[in-house]
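S.K.: Have a look at this prediction, sequence included:
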Amino acid sequence: SLFEILKELNADSLSPLFNKVDFEKIGLQGGSQGGSGAIHAATSNSSSNIFASLLTLSAAASGKLGDAWIYDLSNLEIPCFMLSGTGFWDSGIVTSLEDLKSNFNACKGETYIARRDGYDHENIPMAADSYVVAWFLYTLKGDVEAETVFKGDNPELFNNTNWVAVQAKNN
């Protein structure tokens, strides 16, 4: 299992993860097909209890890549942040606004969505870089400055005009 692999890497003095894994605060991120894979990992019965946070970048919509890629977020209770773009590939092929909203509505826990205006599938990882860092600092490290990106009186995410269709729930 993924948990066993992480335990081995954390115990191996030759591993870059040696003594660095906090087993109470494991984040999961994936983009495109990897976003669907991250969702699968976070929602599978065998591993869902080891993850504390999920972030996806232009995750392929459920079933978009065939039956093996069908996922269900309706039992996801960990914090989740899903980003995509408004360009041709994200809007029409990979993760449309309707798909993003469907995923948003399915999640049970603290959930955010945002789309980078004028950007497409291949550009989202770089465009979202600072939000990825802020998300994991907030959800895994409890960083109060990073938290203000998402919560509070004037969250940065909701005021950044480069990002559209921003929504939050259970925050």
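M.R.: That came through fine.
S.K.: ok, and what's touching the longest helix that the chain contains?
M.R.: Across the chain, the longest stretch assigned as helix under DSSP state H is helix 129-141. Under the contact criterion Cβ atoms under 8 Å, 6 or more residues apart in numbering, helix 129-141 has outside partners 22, 25-27, 29, 52-53, 55, 57, 79, 81, 83, 114, 143, 145-147, 149-150, 157. For glycine as for every other residue, the C-beta is placed from the backbone atoms N, C-alpha and C.
S.K.: and the worst-scoring helix or strand of the chain on mean pLDDT, which residues are buried?
M.R.: Least confident helix or strand, the chain: helix 2-11 with a mean of 89, by mean pLDDT, DSSP states H and E. If you call a residue buried by 16 or more other Cβ atoms under 10 Å, then helix 2-11 has these buried ones: L6.
S.K.: For the remainder of this discussion, apply numbering that starts at 3.
M.R.: Sure, I'll start numbering at 3, so the last one becomes helix 4-13.
S.K.: related to what we said a few turns ago, among the contacts of helix 131-143, which ones are buried?
M.R.: So, of those, 28-29, 31, 54-55, 57, 59, 81, 83, 85, 116, 148-149, 151-152, 159 end up buried under the neighbour-count rule (16+ other Cβ under 10 Å).
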